[in-house]
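S.K.: kindly return the folded structure for what I paste below:
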Amino acid sequence: MTQAAQKLNEEKVFKDPVHRYIHVRHRLIWDLIGTPEFQRLRRIRQLGTTFLTFHGAEHSRFGHSLGVYEIARRVIDIFKYRNNWDDSETMIALCAALLHDVGHGPFSHSFEKVFGTNHEEYTQKIILGDTEIHRLLERQGEGFAEKVAEVIGKTYPNRLVVSLISSQIDCDRMDYLLRDAYFTGVSYGHFDMERIWRVMRTVDDQIVFKFSGMHAVEDYIMSRYQMYWQVYFHPVTRSAEVILTQILHRAKTLYQEGFQFKYTPHPLIQIFDGNMTLHDYLKLDESVILYFFQVWQEEKDEILSDLCYRFMNRRLFKYVEFSPSLIHSKDQLALAFKQAGIDPRYYLEIDSSSNSPYDLYRPGEEGERQPIELLMPDGTLHELSQESDVVGSITGMRRTDCKLYFPKDRIDELPKHDVNRKKIKNLLGI
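M.R.: Below is the predicted model:
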């Protein structure tokens, strides 16, 4: 049976640039923030390689996690005031909000792409495994950690709690849009969060929004759309991600081939071998990865050395739009690269980004999302795109952007009379 949450003798606060203050009133939340597993998030950037495009984007998943917790805390207080919240769920929801990103690895999504990890799965492993976080959660009551993990895994029976953390308009998205806009210095991600809170209601264990607040929800949807295309999918950031991914691929390949590193990547060996434990995973953060990128500039392998130099000194790949004509010439390009002494496996990469600003619920589809429902004056629920011309025009629309990345400097260094240089430039249209 879950114990009542112990309150702190005095409220603790974190000064925050987005929410002004993060308020901590429960002993469990304060103790969770102090665990090694949560403190590790200070050493993982919220936006991966985006700092190479927007120099202010140095903020961490630590700050974002605190922000998600704070939004959840405030929303729950609003629901309590309206008698629409079961107080026995409060600590489960607050802990899930705080811990939702604790399983992220260094340079999150690039790392996952190379090594096949999943941050949500690791979040659940940290919550349920041999960790300080697990021990603290279980002090709250037997099975409490399992309930928090179920919220992360979207299997918790109370859908209202799940939707606070994971839905098309949730505490996670609200914080990262505002926080990322602040630290990148752009205006796209701003929306009226307090207005959205005011029009939030609960119906049958789901969050809905009063029809009178529809325009605030529209603004949120469009802010999210703009942030994805102007910040998250920025082509320069994607170029840095391509190089980062190629570094990890090259290091893994060299290790498996028996290459003798001058600087052996001991923290990565278990993941190269495919037998990484949770303890090994928790040793990894961006400071570890960047250390090896720094020293690998001195390795004998020219590809690894060059890629690391590029990443550490922002000598990124250039790009062209990957048009249908390039699809047919990709093999010719790869051959010309190879004949010019440029390995196409590491220096010629197609990268595609795709996003839907708003999706209807499609049962059975992978990544299915619940719709945003509007509470009409007569008490009925209408799906957002039925009432909003703005959202209706973009519903189900999936925008995809595909680019081909390559090292233009290496091509320019080829002799002007080199037939491969001419062929490459002609095929790329540069």
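S.K.: the host helix or strand of Met174: how far from the chain's middle?
M.R.: Met174 is part of helix 171-184 when elements are defined by DSSP states H and E. Relative to the centre of its chain, helix 171-184 is centred 11 Å away, using CA atoms, centre = their mean, to the nearest Å.
S.K.: contacting residues around the helix or strand following that helix?
M.R.: Next along the chain after helix 171-184, taking DSSP H and E as the criterion, comes helix 193-199. The contact list for helix 193-199 (CB atoms under 8 Å, 6 or more residues apart in numbering) reads 71, 74-75, 78, 169, 174, 178, 209-210, 212-213, 216-217, 220. To be clear about C-beta, it is placed using only N, CA and C from the backbone, and glycine gets the same treatment.
S.K.: quick check on these: which are buried?
M.R.: Buried members of the contacts of helix 193-199, counted by 16 or more other CB atoms under 10 Å: Ile71, Arg74, Val75, Ile169, Met174, Leu178, Phe209, Lys210, Gly213, Ala216, Val217, Tyr220.
S.K.: show me the helices in the stretch 1-150 of the chain, by range?
M.R.: Per DSSP state H, counting those that start in this stretch, the stretch 1-150 of the chain carries helices over the ranges 27-33, 36-39, 61-81, 90-99, 108-115, 119-128, 132-139, 144-152.
S.K.: with respect to Phe14, which of those helices lies nearest?
M.R.: The closest of those to Phe14 is helix 61-81. By CB to CB, the value is 5.9 Å.
S.K.: how far off helix 108-115 does that closest one point, in degrees?
M.R.: 120 degrees (axes from the mean of the first three to the mean of the last three CA atoms, to 10 degrees).
S.K.: quick one: mean pLDDT for helix 61-81?
M.R.: Throughout helix 61-81, pLDDT has a mean value of 97.
S.K.: tell me how this structure divides into domains.
M.R.: The chain breaks down by automatic domain parsing into domains covering 7-185, 235-353+402-428.
S.K.: I'd like to know which elements the helix or strand that contains Ile424 is packed against.
M.R.: Using DSSP H and E, Ile424 sits in helix 419-428. Helices and strands touching helix 419-428, by 3 or more CB pairs under 8 Å, 6 or more residues apart in numbering; DSSP states H and E, are helix 324-339, helix 408-412.
S.K.: format these as TSV; extra columns: mean pLDDT and mean neighbour count.
M.R.: As requested, these are exported to TSV (pLDDT from 0 to 100; neighbours: other CB atoms under 10 Å):
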stretch	mean pLDDT	mean neighbour count
helix 324-339	86	14
helix 408-412	96	15
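S.K.: relative to His190, which of those is closest?
M.R.: helix 408-412 (35.6 Å).
S.K.: what is the closest one packed up against?
M.R.: Using 3+ CB pairs under 8 Å, 6+ apart, helix 408-412 is in contact with helix 419-428.
S.K.: now the angle between helix 324-339 and the helix it packs on, please.
M.R.: With the same axes, to 10 degrees defining the directions, helix 419-428 sits at 160 degrees from helix 324-339.
S.K.: next, the buried residues of the longest strand along the chain.
M.R.: Looking across the chain with DSSP state E, the single longest strand is strand 7-16. For strand 7-16, a neighbour-count test (16+ other CB under 10 Å) marks Phe14, Asp16 as buried.
S.K.: average pLDDT across it?
M.R.: Per-region confidence: strand 7-16 scores 96 on mean pLDDT.
S.K.: next one: stretch 169-177
M.R.: Mean predicted lDDT for stretch 169-177 stands at 95.
S.K.: same check on stretch 86-100?
M.R.: Mean predicted lDDT for stretch 86-100 stands at 97.
S.K.: coming back round to it: next one: the helix holding Ile424 to chain centre, how far?
M.R.: Centroid separation for helix 419-428 versus its chain: 37 Å, with CA atoms, centre = their mean.
S.K.: state whether Glu241 is indeed within a helix.
M.R.: Yes: the assignment for Glu241 (DSSP: H, G, I helix; E, B strand; the rest coil) places it in a helix.
S.K.: that one against Tyr319, yeah?
M.R.: No: between Glu241 and Tyr319 there is no contact under CB atoms under 8 Å: 11.9 Å.
S.K.: hmm, back to that, what angle separates the helix holding Met174 from strand 7-16?
M.R.: 40 degrees.
S.K.: follow-up on the earlier one: tell me which two in the buried ones among the contacts of helix 193-199 are the farthest apart.
M.R.: Counting by CB to CB, the most remote pair of these is Leu178 and Lys210, 21.6 Å apart.
S.K.: quick one: the strands in the stretch 151-300 of the chain?
M.R.: 200-203, 206-210 (DSSP state E, counting those that start in this stretch).
S.K.: can I get the ones you listed in a markdown table with mean pLDDT?
M.R.: Output for the strands of the stretch 151-300 of the chain, formatted as a markdown table (pLDDT from 0 to 100):
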| stretch | mean pLDDT |
| --- | --- |
| strand 200-203 | 93 |
| strand 206-210 | 93 |
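S.K.: among these, which is the most enclosed?
M.R.: Of the strands of the stretch 151-300 of the chain, the one with the most neighbours on average (mean count of other CB atoms under 10 Å) is strand 206-210, at a mean of 19.
S.K.: counting contacts, what elements does that one pack onto?
M.R.: Using 3+ CB pairs under 8 Å, 6+ apart, the elements in contact with strand 206-210 are helix 159-165, helix 193-199, strand 200-203, strand 373-375.
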